[in-house]
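Asker: Build me a structure from this.
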Amino acid sequence: MCVLFLLIPYTLVFGNETENAYLALETNKPSKDGPLVVSIGAFGVGSGKGTHINLAYIEARNKEKSVVLDLGVSVALKRSIFTIYVGGGGLVGYNGSREKLVRGYYPEAGILIDITKKFGLIASGKRYINLFSETEDVVMLGLLFGAR
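Answerer: Prediction:
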């Protein structure tokens, strides 16, 4: 159900312009003072640009827990099995620990590696700004499952 929630708006907005569309599962290994981020979403690349929409769970270092919707765009350069991208995005969600709205934005850089036509890897670095009123650096690693 969660996957349909993410893929339907993604397809309506970005579906016609993407050459490759993926279901992305990503997480990070938090440092002792960094947040845990786990996300599921859709990632598309085509015509020199990339787009994504994710539903993410974020647990801050002080154990505050949030669920956020994350939208981003990027400029992408595809070379054989590698795609390098640089962009940014924003997120908005709910912090259940404090019962308040969470919002922020970030610059991002990453790489996609197509192992096969239906499977790949993704690695990205994000700097969350204004998330929990702080700046957080996160390195995400994940799996891609091809939709096209």
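Asker: Which strands or helices does the helix or strand that contains residue 136 pack on?
Answerer: Taking DSSP states H and E as the definition, residue 136 sits inside strand 134-146. Applying 3 or more C-beta pairs under 8 Å, 6 or more residues apart in numbering; DSSP states H and E, one finds that strand 134-146 contacts strand 20-27, strand 36-46, strand 100-114, strand 119-131. All C-beta spots, glycine's among them, are computed from the backbone N, C-alpha and C.
Asker: lowest confidence element among the helices and strands of this protein?
Answerer: helix 2-14 (a mean of 50; mean pLDDT, DSSP states H and E).
Asker: Output the strand holding residue 136 as CSV - backbone C-alpha positions only.
Answerer: Extracted in CSV, the C-alpha atoms of strand 134-146 (Å, rounded to 0.1, in the frame of the first residue of the first chain):
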residue,chain,number,x,y,z
GLU,A,134,20.0,21.5,13.4
THR,A,135,22.2,20.7,10.4
GLU,A,136,22.8,17.0,9.9
ASP,A,137,25.1,15.2,7.4
VAL,A,138,23.9,11.8,6.2
VAL,A,139,25.4,9.2,3.9
MET,A,140,22.7,6.9,2.4
LEU,A,141,23.1,3.5,0.8
GLY,A,142,20.4,1.5,-0.8
LEU,A,143,19.0,-0.9,-3.4
LEU,A,144,17.1,0.0,-6.6
PHE,A,145,14.5,-2.2,-8.2
GLY,A,146,13.7,-1.3,-11.8
